[in-house]
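Participant: with the sequence up front, the predicted model follows.
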Amino acid sequence: MTPHPDLEATPEAMPKPAPYLLPPGARPDYYRDPRAKSPVLTTVLSLMPGLGQAYLGYTQLGFIHAAVFASLIALMSSNQLGRLEPFVGISMAFFFLYNLVDAHRRALLLNESLAQLERLPLPDGFGTVSLGGRLALGVGLILVGLLTLLNLRFGLSLVWLERWWPAGLVLLGIYLVVRALRDRAASQTETEG
C-alpha cells in the first residue's frame, strides 16, 4: 500500500498558511504575547469603574475614574440635589457606560500596538503610575488611614467630611488643569525647538 503523496511532503513542501489569517506586518505570536490584555476581561473588570484601566496599566486614569464615580454616588445619596437629581443620575449612568467602552477600546488598541497592526502611539497616560501619581496616591492613602484610625481609636467625628469632601474634587481638578497646561507647554517647546 503506497502512502498518500501529501503525507510524504517535507516541511518545506507543506502548504503555507493562507495570507488572510494575519494582516500584513502583524506578528504571528500576537495571541501568545504575555503583554496582551483580554478586552473581555478588561470590560468585566470595568464594572468596578477604573479597575479595567488599572489592569491595562493606566493606573492614574483608573483612580480618577473610581474617584469620579464614587463622587457621583455620594452626590446621589446626599439628598441635597433636588431637581438636579435626574441630571446627576443620567451623568452617572453615562460615565459608567463610558468607563466600560473606554477600557474595552484601550485594550484593543494596546493589543493592536503590540501586534504591530497599527503604528499609532498608545493613548496618553499609559504605563505605571508616575512619581507624582505615586506620591499623591501614597499621601491619599495615609490621610484616609489616619482619619479612619483617629475615628476608630480616638472617637474623632467625621461629620465634617460630609460638608468638605467636594474640596477634594476641587483639588483634583486643579491638579489636572495644572498638569494639562504643563504638558501643553512642554509639547509646544518640543515642536519649536
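Facilitator: Great, that's in hand.
Participant: what segments of this structure are helices?
Facilitator: Taking DSSP state H, the helices of the chain run over residues 39-45, 51-56, 59-77, 85-114, 131-154, 159-164, 166-192.
Participant: quickly compare those and say which is most buried.
Facilitator: Mean neighbour count (mean count of other CB atoms under 10 Å) peaks for helix 51-56 among these, with a mean of 23. (C-beta placed from N, C-alpha, C; glycine too.)
Participant: on that earlier part again, format the helices of the chain as JSON lines; extra columns: mean pLDDT.
Facilitator: Shown next, in JSON lines, are the helices of the chain (pLDDT from 0 to 100):
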{"stretch": "helix 39-45", "mean pLDDT": "91"}
{"stretch": "helix 51-56", "mean pLDDT": "90"}
{"stretch": "helix 59-77", "mean pLDDT": "86"}
{"stretch": "helix 85-114", "mean pLDDT": "87"}
{"stretch": "helix 131-154", "mean pLDDT": "72"}
{"stretch": "helix 159-164", "mean pLDDT": "76"}
{"stretch": "helix 166-192", "mean pLDDT": "81"}
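Participant: and stretch 76-94, how far from the chain's centre?
Facilitator: 25 Å (CA atoms, centre = their mean, to the nearest Å).
Participant: same check on stretch 67-81?
Facilitator: That offset, for stretch 67-81, works out to 21 Å (CA atoms, centre = their mean).
Participant: skipping adjacent residues, who's closest to the spatially most central residue of the chain in space?
Facilitator: Geometric centre of the chain, nearest residue: residue 53, 1.8 Å, by CA atoms, centre = their mean. Leaving aside its sequence neighbours, residue 53 sits nearest to residue 62 (CB to CB, 6 or more residues apart in numbering; 3.8 Å).
Participant: how about the contacts made by that neighbour?
Facilitator: 50, 51, 52, 53, 54, 55 (CB atoms under 8 Å, 6 or more residues apart in numbering).
Participant: contacting residues around the nearest residue to residue 46 once chain neighbours are set aside?
Facilitator: Using CB to CB, 6+ apart and skipping the chain neighbours, the partner closest in space to residue 46 is residue 52 (3.2 Å). In this structure, residue 52 makes contact with 42, 43, 44, 45, 46, 62, 99, 100, 103, 104, 106, 107, judged by CB under 8 Å, 6+ apart.
Participant: tell me who's in contact with the first one.
Facilitator: Applying CB under 8 Å, 6+ apart, we find residue 42 in contact with 52, 55, 56, 103, 104, 106, 107.
Participant: next, format these as TSV and append distance to residue 142.
Facilitator: Output for the contacts of residue 42, formatted as TSV (distance: CB to CB, whole Å):
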residue	distance to residue 142
52	26
55	25
56	27
103	28
104	34
106	30
107	32
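Participant: closest one of the residues you listed to residue 177?
Facilitator: Set against residue 177, the nearest of those by CB to CB is residue 106 (23.1 Å).
Participant: what's the closest non-adjacent residue to the closest one?
Facilitator: Leaving aside its sequence neighbours, residue 106 sits nearest to residue 56 (CB to CB, 6+ apart; 5.4 Å).
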